[in-house]
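S.K.: missing the sequence, but the structure's below:
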Ligand SMILES: Cc1cc2nc3c(=O)[nH]c(=O)nc-3n(C[C@H](O)[C@H](O)[C@H](O)COP(=O)(O)OP(=O)(O)OC[C@H]3O[C@@H](n4cnc5c(N)ncnc54)[C@H](O)[C@@H]3O)c2cc1C
C-alpha cells in the first residue's frame, strides 16, 4: 500500500518544485498508478489547485495541462476533430470511465510507461513537454531522459495540419496493449510511433521520397525498433503486428481501402 506522512496542495509551481527536490517527496497526478505501489513517502505534492486541468486551444497549438484527466482528452472536441479522433481511440480502452476520470495526462507522460497509449499517441504528433525547470522538450527526447525531480506543467501540440491515426491490439478490451501504433502524416513525411513493444514508445520519421508502397515503408519503420517477449506475446509477433498496423494506418491516412 502507498503511504505518505504529509500532504501539500501546492500554491505555485515554484513551491511544488521546491518541495519535490527532497528525495522523500513526490508530485502526484491522479494517484491511480502510485496507489498501486508499496512506496512510503514523506510529502505528496498535489498540483490540483494550479489551474492546470484545462485543454487550451488557439490558432497555433493545443496546450494540455498536466492535471487534465484522460477522460478530458477522450472527450475534447477540438483535439478529436483536429486529429481524426485519435484521442478517443487511444484512451477508450484504458480500464474504464471512472478510472479515466482520475488518471492524469501529467502522470501518464511523466511515468513514461512501456505500455502507454498516451505516450505512443502524442509522439506521432511531435508533441512537446513543458517542464517547470527544463523548459520545452520534444516528447521523443523526454521519453529517453532519466527520471528527475522536475515538474511536468503540460503538453504542447502544434496545429501543423498533420493527419493521424491510432490503433492497438489487446488480448482483452481493457488489458494493457500488446502493441500500440500511431502514424502521423505531414506533407511528405511519415511519423511512426510504436509502443508496448513492450518497451516505451519510440518515434521513427520517414521521408516518403519516391516510395509509395506503404507496406515497404511500414517494414522500414517497424524494423528500426526493438521488440521483446512478455506474457502478452513474443517479440516476433509484436514486430509482425507493428508492420501490419503501421501499413494499415498509412493506407487509412492515404484514403486507400
Ligand atoms: C490497472 C491500471 C491499468 C492501466 N492501463 C493502462 C493502459 O492500458 N494504457 C495506458 O496508457 N495507461 C494505462 N495505465 C496508466 C494510467 O493510464 C496512468 O498513466 C497512470 O495511472 C498515471 O497517471 P496518474 O495521474 O494516476 O499519475 P500518478 O499515479 O499520480 O503519478 C504517476 C507518476 O508520475 C509522476 N507525476 C504525476 N504528475 C506529475 C507532474 N505533473 N510532474 C512530474 N511528475 C508527475 C508521479 O510522481 C509518479 O511518479 C493503467 C494504470 C493502472 C493502474
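M.R.: Great, that's in hand. Everything quoted here is computed from the prediction, not taken from an experiment. Numbering: from 1, shown residues only.
S.K.: would you say residue 71 is within a strand?
M.R.: No: counting by DSSP: H, G, I helix; E, B strand; the rest coil, residue 71 is located in no strand; its state is helix.
S.K.: Against the ligand, how distant is it?
M.R.: Residue 71 sits 11 Å away from the ligand, going by C-beta to the nearest ligand atom, to the nearest Å. In this view, the C-beta of every residue, glycine as well, is placed from N, C-alpha and C.
S.K.: now do residue 178
M.R.: With distances taken as C-beta to the nearest ligand atom, residue 178 is found 10 Å from the ligand.
S.K.: The chain: helices as residue ranges?
M.R.: Assignment of helices within the chain using DSSP state H yields the ranges 13-20, 70-75, 77-82, 86-91, 97-102, 105-111, 117-123, 139-142, 214-222, 235-254.
S.K.: What parts of this structure come near the ligand?
M.R.: 26-34, 36, 47, 66, 70, 93-95, 103-104, 106-108, 110-111, 115-118, 151-152, 176-177 (C-beta under 6 Å from any ligand atom).
S.K.: Among these, which are located in strands?
M.R.: Those of the residues of the chain next to the ligand mapping onto strands are 26, 27, 28, 152, per DSSP state E.
S.K.: Quick check: nearest residue in space to the second one, chain neighbours excluded?
M.R.: Spatial nearest neighbour of residue 27, chain neighbours left out: residue 45 (5.0 Å); criterion: C-beta to C-beta, 6 or more residues apart in numbering.
S.K.: who's in contact with residue 149?
M.R.: Going by C-beta atoms under 8 Å, 6 or more residues apart in numbering, residue 149 touches 17, 20, 21.
S.K.: tell me the contacts of the second one?
M.R.: The neighbours of residue 20, taking C-beta under 8 Å, 6+ apart as the test, are 26, 27, 45, 149, 151.
S.K.: Filter these down to the buried ones and express that as a ChimeraX selection.
M.R.: Here is the ChimeraX command that selects only those of these that count as buried (16 or more other C-beta atoms under 10 Å):
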select :26,27,45,151
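S.K.: Can you lay out the contacts of residue 20 as TSV showing pLDDT and distance to residue 197?
M.R.: Compiled in TSV, the contacts of residue 20 are given as follows (pLDDT from 0 to 100; distance: C-beta to C-beta, whole Å):
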residue	pLDDT	distance to residue 197
26	98	28
27	98	28
45	98	32
149	98	28
151	98	29
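S.K.: Which of the contacts of residue 20 sits closest to residue 137?
M.R.: Proximity of those to residue 137 (C-beta to C-beta) peaks at residue 151, which lies at 13.1 Å.
S.K.: Can you report how many residues neighbour whichever residue of the stretch 151-257 of the chain sits closest to the ligand?
M.R.: Closest approach between the stretch 151-257 of the chain and the ligand, counting by C-beta to the nearest ligand atom: residue 152, at 3.6 Å. If you count neighbours by other C-beta atoms under 10 Å, residue 152 ends up with 26.
S.K.: just residue 145 next, same as before
M.R.: By other C-beta under 10 Å, 13 other residues sit near residue 145.
S.K.: shouldn't it be in contact with residue 137?
M.R.: Yes: counting by C-beta atoms under 8 Å, residue 145 does reach residue 137; the two are 7.5 Å apart.
S.K.: quick one, phi psi at the closest residue to residue 48 other than its chain neighbours?
M.R.: Excluding its sequence neighbours, the residue lying closest to residue 48 (C-beta to C-beta, 6+ apart) is residue 67, at 5.7 Å. Residue 67 adopts backbone torsions of phi -90, psi 10, taken as degrees, to the nearest 10.
S.K.: contacting residues around residue 67?
M.R.: Counting by C-beta under 8 Å, 6+ apart, residue 67 has contacts 29, 47, 48, 50, 52, 53, 104, 105, 106.
S.K.: Likewise for residue 146?
M.R.: Contact analysis of residue 146 by C-beta under 8 Å, 6+ apart lists nothing.
S.K.: From the ligand, how far out is it?
M.R.: Distance of residue 146 to the ligand, computed by C-beta to the nearest ligand atom: 13 Å.
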